[in-house]
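J.: Give me the fold of what follows.
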Amino acid sequence: MSADLELFRRAFRDVPNCRLATLGPRGAPHVAPRWFVWLEDGLFVATRRGDANWDNVERDPRVSLVVDQGRDWTDLSGVRVDGTAEAIPAEHPEIRGVMSAWHEKYRSLFAGDGFERLAQQVIGLGFLRVDAGSVDAWDHRAG
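T.: Modelled structure (predicted):
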């Protein structure tokens, strides 16, 4: 991982949502908010197998995603990652560490049996592993 990418990863890994853009069947962008984990070995976006994001990536792996934070204009900062994605089911052995990190990041949002309920509601959880081709960042705090 490049030094810049590592810097962005550390700055934005705790942000709860990203917005993922994939290309629909007719070439139009499809943008959706998603939970994600940005680990040292990659950026992983959670989605449901068979939803528009999953199907779009299987057809055309080009993606763009934005992670941003701040509310006032002078507080806005973010990063856009353009690249390609690979769809990987949550049951795949490569995803065990990703699932652990994902549970750790979002477990405070659920009380008691929250993840069990989530698992029942989100049938076919999968992850899109995003390989960054280019990265662009902005920080309005910097003037």
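
J.: Which strands or helices does the helix or strand harbouring residue 32 pack on?
T.: Using DSSP states H and E, residue 32 falls within strand 29-39. Under the contact definition 3 or more C-beta pairs under 8 Å, 6 or more residues apart in numbering; DSSP states H and E, strand 29-39 sits against helix 3-12, strand 17-23, strand 42-48, helix 52-59, strand 62-69, helix 96-106. (Each C-beta comes from the backbone N, C-alpha and C, glycine too.)

J.: Low-confidence stretches in this structure?
T.: Residues of the chain that meet the criterion pLDDT under 70 lie in 1, 111-122, 143.

J.: can you redo the helices and strands packed on strand 29-39 as JSON lines with mean neighbour count?
T.: Conversion of these to JSON lines gives the following (neighbours: other C-beta atoms under 10 Å):
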{"stretch": "helix 3-12", "mean neighbour count": "15"}
{"stretch": "strand 17-23", "mean neighbour count": "20"}
{"stretch": "strand 42-48", "mean neighbour count": "21"}
{"stretch": "helix 52-59", "mean neighbour count": "19"}
{"stretch": "strand 62-69", "mean neighbour count": "19"}
{"stretch": "helix 96-106", "mean neighbour count": "15"}
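
J.: Now distance to residue 89 too, for the ones you listed, in TSV please.
T.: Converted to TSV, these look like this (distance: least, C-beta to C-beta, whole Å):
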stretch	distance to residue 89
helix 3-12	24
strand 17-23	17
strand 42-48	11
helix 52-59	10
strand 62-69	18
helix 96-106	11
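
J.: Which one of the ones you listed lies nearest to residue 79?
T.: helix 3-12 (4.6 Å; C-beta to C-beta).
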